[in-house]
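S.K.: Pasting the sequence and the predicted model now:
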Amino acid sequence: STSSATTAAVEGCTAAPAPPTAVTKAAKPDKSTAAGKTFTAVVTTNCGDITLQLDGAKAPQTVASFVALAKANYFADSPCHRLTTEGIFVLQCGDPLGGSGPGPGYSYGIENAPKDGTYPKGTLAMARTSEADSATSQFFINTVDNGFLDREESRDGVGYYVFGKVVSGMDVVDKIKAVKTGVKARMGDVPLETVEIISVKRAKDSEP
């Protein structure tokens, strides 16, 4: 039987709406819409709010994409489908279909990958495949200070696109980090309790 909502099992988290069964395709926005600008976004999850500062000066295409997808409600009711707790430590979200989806219909190339291969706790970066020009909608929050290149975890040695950071709500991320993980649908590191993005909205006092 199907249910319209998941059950709340993580302390401090609420039941979440059922995730979508399809994604809406979108056109790749022009990077000029974010170039030189700083955005503040509030990611409301079923475990609390996480506020992000997005750096359009250093990663204009990535930020333009994230902002456009947020405005289109692409992230609404989407599960955070990956939580790694060994080797590298990240919370990965951004695919409404939980990691198996096709993405919004476009991809783009590397921006602002750290040359030293370090990703401090709270840093936001884009997930990708082994192809450098393969970022779409999936992103991850570093839940600890990570050094991917030191562990040869950056695919081809190029790195991951850093486009912002958590400016409040790391306590929410820390709470989520304690969720047990396992294997679901042949994917590992899947949170066994529902962690879901309800919405992504521009902060009310945010510019532009």
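M.R.: Alright, I've got the coordinates.
S.K.: what about Arg202, how many residues close to it?
M.R.: Arg202 has 16 neighbours, counted by other Cβ atoms under 10 Å. C-beta: built from backbone N, CA, C; applies to glycine.
S.K.: so it sits right up against Thr38, yeah?
M.R.: No - here Arg202 lies out of contact with Thr38, judged by Cβ atoms under 8 Å, at a distance of 11.7 Å.
S.K.: Could you report the separation of the residue positioned nearest the centre of the chain from Lys180?
M.R.: Geometric centre of the chain, nearest residue: Phe139, 3.1 Å, by Cα atoms, centre = their mean. For Phe139, the distance to Lys180 (Cβ to Cβ, to the nearest Å) stands at 22 Å.
S.K.: what helix or strand does Val63 sit in?
M.R.: Assigned by DSSP states H and E, Val63 falls within helix 60-71.
S.K.: can you tell me the average pLDDT over that helix?
M.R.: For helix 60-71, mean pLDDT is 97.
S.K.: re the thing from before, quick check: pLDDT value at the residue nearest to the centre of the chain.
M.R.: Predicted confidence (pLDDT) for Phe139: 98.
S.K.: again with Glu86
M.R.: If you check Glu86, the pLDDT there is 88.
S.K.: For it, what are phi and psi?
M.R.: phi -150, psi 130 (degrees, to the nearest 10).
S.K.: Give the burial count for it, as a bare number.
M.R.: 7.
S.K.: Run through the bridge partners of it.
M.R.: Beta bridges link Glu86 to Ile88, judged by DSSP bridges.
S.K.: What distance do you get for it to Asp77?
M.R.: From Glu86 across to Asp77, the span is 29 Å (Cβ to Cβ).
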